[in-house]
Every structure is written in C-alpha cells, then in structure tokens.
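J.: compute the structure for the input listed below.
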Amino acid sequence: MRHILITGGTGLIGSTLCKKLLDKNYQITVLSRYPQTVPQKCGQQVAGIKSLFEINDDVVIDAVINLAGEAIADKRWSKKRKLELEASRTDLTRELVSWMAERQHKPECLISGSAVGWYGDSGSAIITEQSNYHDEYTHQLCDAWEKSALVAKQAGIRVCIVRTGLVLASKGGFLQKMLLPFKLGLGGKLGTGEQFMPWIHLTDMTNLLVFILENDQADGVFNACSPQPVTNKVFTASLARQLHRVAFIPVPAMLLKCLLGEMSRLLLTGQNTIPEKAQAIGFRFAYTNVTLALNDVLSSNK
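T.: As a prediction, the model looks like this:
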C-alpha cells in the first residue's frame with residue numbers, strides 16, 4: 001500500500017482527492033493546522049498531523065501532494081494579506097522540501113500546486129505550458145511558490161507543478177460565491193466579459209492529480225484546466241441559463257477596481273489556457289463543455 005502525504009487536504013480539492021485515493025487503497029496522511037478535523041473531512045481512515053516531525057523517519061512516504069495555500073480571493077490584497085498569501089505557499093513548501101530531502105527514505109514524487117495566474121493577464125492568446133508570462137502579482141506569487149517546490153529536484157525527487165484554473169464544484173469554490181446574485185436575477189458579465197476563464201470540473205481536477213501521481217513519466221508543469229476555456233461573457237450566460245435566469249446586469253470594471261483594488265485583476269483579466277501537456281501524455285477529460293459541467297455540479301447541489 002503506497003503512503004501519500006497531502007498538505008491542504010481538508011480543502012475543496014484535497015478532501016475530494018483523499019476520498020478518491022482511499023478508494024484506490026492508498027494510505028493517506030494529511031498535514032493540517034486542525035488535524036482533529038481531518039477524519040471527518042477526508043475520511044475516517046485518513047491520519048491528521050500538525051507537524052511534519054510527527055512522521056518518524058522510518059515511515060515510508062511514497063509521494064507528497066502539496067495543495068496548501070490561503071485562498072487568494074477571500075480578502076483584499078493589502079500588504080499584510082500579500083505576506084499571508086506568500087507565507088502560506090512558499091514558506092510551507094520550502095519547509096516541506098527540506099523535510100523531504102533529509103528523510104532516510106525520500107519520497108519518489110512531489111506534486112505541488114500553483115495556478116494559471118502564473119501567466120498573468122494573457123488576453124485572448126492561446127496559453128500552453130510553454131507560454132511566457134505577463135509580470136504582475138499573480139505571476140510573482142505563483143513563480144516563488146513553484147521555485148520553492150522545484151528545489152526538490154536536487155534531491156532526485158520527481159517534481160510536477162500543477163497550474164490550476166477555476167474549479168467547478170457542487171459545494172465550495174468560486175461558483176458558490178456567484179450563485180446567490182445569479183439566482184436573484186442580478187448576475188452578469190464582469191467588465192467587458194471578454195476575459196477568458198480557464199475552468200476545470202472537480203472530478204477532472206482530482207483525476208488529473210491521480211494520473212500524474214501514478215504516471216512515472218509525468219514531470220514538470222501541467223495546466224489543470226478544461227481544453228475548452230470560455231470568456232466570462234460565455235460563462236455567465238451559461239450559468240444564467242442553467243439557473244433559468246437572465247444575466248443582464250453587468251458589473252462595471254471601475255466598480256470592481258474601487259471595491260477590490262489590485263485584486264480586481266483576478267476578475268477582469270484572464271488566460272486562454274489549454275492543458276496541452278496533460279493531453280499529450282494521455283489524460284482524458286470527462287468534462288470539456290462548460291454547459292455540461294455546470295449542469296452536473298448544479299444538479300449535484302440540489
């Protein structure tokens with residue numbers, strides 16, 4: 001039985017991933033600030049720990065999946081908030097990599113989270129794992145996070161970086177924040193609505209992580225998003241149709257900038273990102289059409 005250590009295991013992606021790995025007969029340990037909540041959120045067979053040093057050196061950890069990080073869109077980006085975002089990603093990852101490198105039995109693989117925000121605002125240009133970036137805060141945050149993880153390669157550990165898009169799920173995630181105004185008939189596009197939204201269904205997200213974990217040839221950066229990204233205008237129209245509402249109240253860009261400051265760029269810019277590398281090594285997405293994906297998660301939410 002392979003033993004997997006997961007950080008961020010009680011979050012939306014992590015808790016779903018834990019249950020999927022349990023079904024595949026993996027042993028799982030989750031590093032959490034609140035280890036007592038781990039069995040309830042992740043599965044009764046999952047062990048929760050508060051410190052890496054609770055794992056004895058003679059315990060074999062076959063792979064580490066690093067998903068921890070403060071939610072980037074929960075609070076306005078003050079200087080203090082930026083420090084919290086950075087510390088929750090880079091500091092923890094550096095600690096994790098140092099611990100991995102010093103172990104008697106080093107993990108074979110590190111899968112570490114990142115986001116399509118690494119590319120910054122990319123307009124309508126098609127973005128693959130080979131694309132360059134626009135230098136702004138989301139790039140700087142993700143780049144430091146990724147570089148902290150890539151240090152593990154020096155210890156002979158296979159490292160995969162997963163740049164995640166917007167995760168569609170029946171409970172939690174960005175969609176839940178959109179539902180109330182749309183259900184009230186107050187939804188609409190953000191700004192011009194022309195910005196791309198690289199999205200991914202939660203099922204595909206967790207399946208991709210397992211695929212990378214189990215594929216020894218998988219290495220480097222992977223975009224975790226549907227092969228068919230859509231613009232904000234298309235996404236909001238599709239969401240409204242699924243809810244049997246209309247989306248005719250646009251949110252002006254100036255209003256978002258006033259309310260959110262620099263963080264408004266998360267909503268007003270985007271990336272036309274495709275998962276070229278995952279598809280090239282054989283991963284197949286269950287959900288490529290945003291309407292079908294929305295139908296699935298909204299049906300599950302009833």
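
J.: which residue ranges form the helices in the stretch 1-150 of the chain?
T.: For the stretch 1-150 of the chain, the helices defined by DSSP state H, counting those that start in this stretch cover 12-23, 38-42, 79-86, 92-102, 137-150.

J.: how about stretch 20-29 as PDB, C-alpha atoms only?
T.: C-alpha atoms of stretch 20-29 as PDB (Å, rounded to 0.1, in the frame of the first residue of the first chain):
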ATOM      1  CA  LYS A  20     -10.500   9.100  -4.400                       C
ATOM      2  CA  LEU A  21      -7.200   7.800  -3.200                       C
ATOM      3  CA  LEU A  22      -8.800   5.800  -0.400                       C
ATOM      4  CA  ASP A  23     -11.000   4.100  -3.000                       C
ATOM      5  CA  LYS A  24      -7.800   3.100  -4.700                       C
ATOM      6  CA  ASN A  25      -6.400   1.700  -1.500                       C
ATOM      7  CA  TYR A  26      -3.800   4.300  -0.700                       C
ATOM      8  CA  GLN A  27      -2.700   5.100   2.800                       C
ATOM      9  CA  ILE A  28      -3.000   8.900   3.500                       C
ATOM     10  CA  THR A  29      -1.700  11.300   6.000                       C
END
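
J.: distance to L298 and mean neighbour count for the helices of the stretch 1-150 of the chain - can I get that in a markdown table?
T.: Yep, even glycine has a C-beta here, placed from its N, CA and C like the rest. Output for these, formatted as a markdown table (distance: least, Cβ to Cβ, whole Å; neighbours: other Cβ atoms under 10 Å):
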| stretch | distance to L298 | mean neighbour count |
| --- | --- | --- |
| helix 12-23 | 16 | 20 |
| helix 38-42 | 23 | 19 |
| helix 79-86 | 30 | 13 |
| helix 92-102 | 34 | 18 |
| helix 137-150 | 28 | 20 |
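
J.: wait, which of the ones you listed is closest to E108?
T.: Ranking the helices of the stretch 1-150 of the chain by proximity to E108 (Cβ to Cβ) places helix 92-102 first, at 10.3 Å.

J.: got CSV for the helices of the stretch 1-150 of the chain, with distance to N56 too?
T.: Below are those laid out as CSV (distance: least, Cβ to Cβ, whole Å):
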stretch, distance to N56
helix 12-23, 22
helix 38-42, 19
helix 79-86, 31
helix 92-102, 12
helix 137-150, 24
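
J.: export those helices to a markdown table and append columns for distance to F222 and mean pLDDT.
T.: Shown next, in a markdown table, are the helices of the stretch 1-150 of the chain (distance: least, Cβ to Cβ, whole Å; pLDDT from 0 to 100):
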| stretch | distance to F222 | mean pLDDT |
| --- | --- | --- |
| helix 12-23 | 14 | 96 |
| helix 38-42 | 23 | 95 |
| helix 79-86 | 22 | 95 |
| helix 92-102 | 17 | 97 |
| helix 137-150 | 12 | 97 |
